[in-house]
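**Q** My questions are about this predicted structure, shown below with the sequence.
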Amino acid sequence: KKKKGKKKLNKLKKKKMTFFIKKKGKQEGEWRYQQHFGDIHCKDVKEEDIISALEFDKEGKYLAIGDGGGRIVILKKNPQVKSTEFQVLTEFQSHEMKFDTLKSEEIPQQIKQIKWVPKVNDSLFLLTSNAKTVKLWKIYRKTLHKVVTQQSPTTGKLEIPRLSDSKVIMAHNPKKEYKNAHEFTINSVSTNSDGETFLSADDLRINLWHMDYPDAKHTIVDIKPDDMKNLSEVITSATFHNTDCNQFIYTTTSGVTKLCDLRTGATCGHHEREFSLKGTEKGFFTETIAAVSDAKFSPDGRYILSRDYMTLKIWDVKMEKRPLKTFYVHECLRAKLYDLYENDCIFDKFDCHWSGDGRQVLTGSYKNTFNVFDVKGKKHYLSECARKLKPKKEANFSLLDYSKKVLRTAWHPYDQSLAIATVNSLYIINGNS
């Protein structure tokens, strides 16, 4: 009886162990490859094929992609597939290269920013910008009609021509054009929660626009000094609050994120709060790597996510002295800053994003890798974009990996789905949950 009892216990233990191992195996693969667009094996990538902008719409049904050639590609979510998978809906030329006669310089057609505007009926609207001009586009389904003329078989006379539906196409019309307002290159466009206004930012100014009045703009931030020799910082990005239409933030090359409120005055000469680390050690590359390239409000608006060259920081809106959490993305590159300076990679600007539930954050890195951090700092998922994802514990880069970089990323507003641009290709990565 004792031997039989021991055998039963051993069998039960084995069953528990196998069950635990299976459960653990499911947890290890947090993210999986879903699909990709573009030639992932192309070695000689042209500048016009490099992806320069990514943006999901608020419902997560569409994904807009902009490239260096001024083209916009819109992907639509496939409703027949349970997981987040996209198919090409339409493609059009948004901007073309122009020549500025006053400055005697070419204005490149590269897409700098894409922002979705609330839908009207079945039509899609989005803002696209190159270095100097912002355009409002309308994308809609258009039915092409064909004129049919028939000859009567009895009388032989021609009958009145009739219109017949031939086919349905996607049409793209530029509705508004917001131009001649920026002296320097546009780095940010952000739509307001009121659905009527948006801001556009360049190196020294932030302009407020109303979508219905393209000829009128109001400068809400102007940091241009009387003497350009006294210039100490440059604006790198600007974005509106998710729900409060009066608040917005902008970041600078001095490593500062400033929170402003439009209710304090028509021009925000003074900011409400300033989020920055003070008393840090100074070195030759300190100011360069401290420059904040991107900042986003959390979905609930209580926190701010900022990205500089080395780290990713989470700030509490009510606490500006120090960040709540710091994630070290490029700490392994601290000893290679001189090499990065020589090949200009130290000036790369990486995006950062919150997940839809605000529990995770996303940013890119070199060697076509992306980082997903748990807000509490308990989990860190690092992997190179490929058909089969292989999570890594630490990042390790060589000189050859600097040309393969993930600068543009996007997180689906509701699903566990990531859009990651690797130079000229786009990967859709889905979560297992």
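**A** In hand now; what should we look at?
**Q** and stretch 103-122, which residues are buried?
**A** Within stretch 103-122, the residues that count as buried by 16 or more other C-beta atoms under 10 Å are 107, 108, 109, 110, 111, 112, 113, 114, 115, 116, 117. C-beta here means a position set from N, CA and C on the backbone, and glycine is covered the same way.
**Q** State the distance from the first one to residue 185.
**A** From residue 107 across to residue 185, the span is 9 Å (C-beta to C-beta, to the nearest Å).
**Q** tell me, what's touching those two both at once?
**A** 131, 132 (C-beta atoms under 8 Å, 6 or more residues apart in numbering).
**Q** about what we covered before: please flag which of the buried residues of stretch 103-122 sit within helices.
**A** Under the assignment DSSP state H, these contribute nothing to helices.
**Q** In a markdown table, list those residues along with distance to residue 384 and pLDDT.
**A** Output for the buried residues of stretch 103-122, formatted as a markdown table (distance: C-beta to C-beta, whole Å; pLDDT from 0 to 100):
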| residue | distance to residue 384 | pLDDT |
| --- | --- | --- |
| 107 | 35 | 89 |
| 108 | 30 | 91 |
| 109 | 30 | 92 |
| 110 | 26 | 94 |
| 111 | 26 | 95 |
| 112 | 27 | 95 |
| 113 | 27 | 96 |
| 114 | 26 | 96 |
| 115 | 29 | 96 |
| 116 | 29 | 96 |
| 117 | 35 | 94 |
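**Q** Closest to residue 295 out of those?
**A** Top of the list for closeness to residue 295, among the buried residues of stretch 103-122 and by C-beta to C-beta, is residue 113 at 14.5 Å.
**Q** count of residues packed around residue 336?
**A** Residue 336 is flanked by 16 other residues according to other C-beta atoms under 10 Å.
**Q** for it, helix, strand, or coil?
**A** helix (DSSP: H, G, I helix; E, B strand; the rest coil).
**Q** what pLDDT does it get?
**A** Per-residue confidence (pLDDT) for residue 336: 90.
**Q** in stretch 417-433, what counts as buried?
**A** So for stretch 417-433, counting by 16+ other C-beta under 10 Å, buried means 417-431.
**Q** Tell me which residues touch the closest residue to residue 107 other than its chain neighbours, please.
**A** In this structure, residue 107 finds its nearest non-sequential neighbour in residue 98, 4.7 Å apart by C-beta to C-beta, 6 or more residues apart in numbering. Going by C-beta under 8 Å, 6+ apart, residue 98 touches 106, 107, 109.
**Q** got these as a markdown table, with distance to residue 302 columns?
**A** Converted to a markdown table, the contacts of residue 98 look like this (distance: C-beta to C-beta, whole Å):
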| residue | distance to residue 302 |
| --- | --- |
| 106 | 44 |
| 107 | 39 |
| 109 | 39 |
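**Q** Just name the closest of those to residue 52, please.
**A** Lowest distance from residue 52 to the contacts of residue 98 (C-beta to C-beta) belongs to residue 109, with 10.3 Å.
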